[in-house]
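A.B. asks: have a look; sequence and predicted model below, questions after that.
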Amino acid sequence: MADHSAIEWTDATWNPVTGCTKISPGCKHCYAERLAKRLQAMGNPRYRNRFRVTLHRDQLELPLRWRRPKRIFVNSMSDLFHERVPEEFIADVLRTAKKTPWHTYQILTKRPDRMAEITTNFPQLRNVWLGTSVENADYLDRIDELRCVRSAVRFVSFEPLLGSVAGANLTNIQWAIVGGESGPRARPMDRRWVYEIEEACRRFGTAFFFKQWGGKNKKAAGRVIDGRTYDEMPSVPI
């Protein structure tokens, strides 16, 4: 739970839930799982269960203490729409978002089917952006499921990008984040796959944010494409 973040597309992270389970190839080298293991070894009480799904009710109103507006990545260490997170708890998270309209909440899931099902029971909030992760063409159906979600901004994180997603339909998707896998066992990302997504964004009017090339040394690899960076953000309808 940090009021600042090194993640390029957000300002802060908020983790009322920690822990998850792997459901697709993008999860194989999960950074959150590695970090949870380290934090448990350091004696951090929030990770006593290491990476098992754990609710932290005492953190539910943390964003109320942050008076300056922030973009907040919700559950960088989990998935809010994991099947082990009760709907009532998700409702509590969204209530906090409603109480803090000066913040923008970015909620990313690999379970957009459950996101679509649950969010139909709640009013759409202008300051809540809902997104899904897609790592290769086998999971493009997640974007179709995301389109069923009512949200001021729908976004797709193509990270870690593990294969071509040429032909991705970005209709009604306002934002795309692209990044390669990082870490000691990082799988390579082909430059052509990045170009395919950037071209799709231009075709569908989707904002394009390039996060990183990744690799074993992501800082050395950087985040520059042909001499420039892409930090595009979506516009929120008034």
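C.D. replies: Structure's in. What do you need? Numbers count the residues shown, from 1 in each chain.

A.B. asks: so where's this structure shaky on pLDDT?
C.D. replies: 1, 238 (pLDDT under 70).

A.B. asks: and the strands in it?
C.D. replies: Assigned by DSSP state E, the chain shows strands spanning 12-14, 17-18, 54-55, 71-74, 104-109, 128-133, 153-158, 175-179, 207-212.

A.B. asks: mind putting these into TSV with distance to residue 142 and mean neighbour count?
C.D. replies: For every residue, glycine as well, the C-beta is placed using N, CA and C. Shown next, in TSV, are the strands of the chain (distance: least, C-beta to C-beta, whole Å; neighbours: other C-beta atoms under 10 Å):
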stretch	distance to residue 142	mean neighbour count
strand 12-14	22	23
strand 17-18	20	25
strand 54-55	25	18
strand 71-74	18	23
strand 104-109	9	24
strand 128-133	5	24
strand 153-158	8	24
strand 175-179	13	25
strand 207-212	18	21
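
A.B. asks: and those: which comes nearest residue 228?
C.D. replies: Taking C-beta to C-beta, strand 207-212 is the member of the strands of the chain nearest to residue 228, at 9.3 Å.

A.B. asks: now for the closest one, which elements pack on it?
C.D. replies: Applying 3 or more C-beta pairs under 8 Å, 6 or more residues apart in numbering; DSSP states H and E, one finds that strand 207-212 contacts strand 175-179, helix 191-204.

A.B. asks: who touches the longest one?
C.D. replies: Contact with helix 191-204 is made by 158, 161, 163-166, 168-171, 173, 176, 178, 206-208, 210, 225, 230, as judged by C-beta atoms under 8 Å, 6 or more residues apart in numbering.

A.B. asks: ditto for the first one
C.D. replies: Residues outside strand 175-179 that contact it (C-beta under 8 Å, 6+ apart) are 9, 129, 131, 153-161, 170, 194, 197-198, 200-201, 206-212, 214, 232-234.

A.B. asks: the same query, at a cut-off of 7 Å, please.
C.D. replies: With C-beta atoms under 7 Å, 6 or more residues apart in numbering as the test, strand 175-179 has contacts from 9, 153, 155-161, 170, 194, 197, 201, 206-212, 214, 233-234.

A.B. asks: same question, stretch 65-78
C.D. replies: Against stretch 65-78 from outside (C-beta under 7 Å, 6+ apart): 3, 5, 7, 10-15, 17-20, 32, 36, 53, 63, 80, 93, 102-107.

A.B. asks: in JSON lines: the helices and strands packed on strand 207-212, plus distance to residue 135.
C.D. replies: Listed next are these as JSON lines, based on distance: least, C-beta to C-beta, whole Å:
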{"stretch": "strand 175-179", "distance to residue 135": "10"}
{"stretch": "helix 191-204", "distance to residue 135": "11"}
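
A.B. asks: for residue 42, which of these is the nearest?
C.D. replies: strand 175-179 (26.7 Å).

A.B. asks: sheet partners, orientation included, of the closest one?
C.D. replies: strand 153-158 (parallel), strand 207-212 (parallel) (DSSP bridges).

A.B. asks: related to what we said a few turns ago, now render the strands of the chain as TSV, adding distance to residue 97.
C.D. replies: Shown next, in TSV, are the strands of the chain (distance: least, C-beta to C-beta, whole Å):
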stretch	distance to residue 97
strand 12-14	10
strand 17-18	14
strand 54-55	17
strand 71-74	8
strand 104-109	5
strand 128-133	5
strand 153-158	13
strand 175-179	18
strand 207-212	21
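
A.B. asks: ok, back up a step: just put the strands paired with strand 175-179 in JSON lines and tack on distance to residue 88.
C.D. replies: Below are the strands paired with strand 175-179 laid out as JSON lines (distance: least, C-beta to C-beta, whole Å):
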{"stretch": "strand 153-158", "distance to residue 88": "24"}
{"stretch": "strand 207-212", "distance to residue 88": "33"}
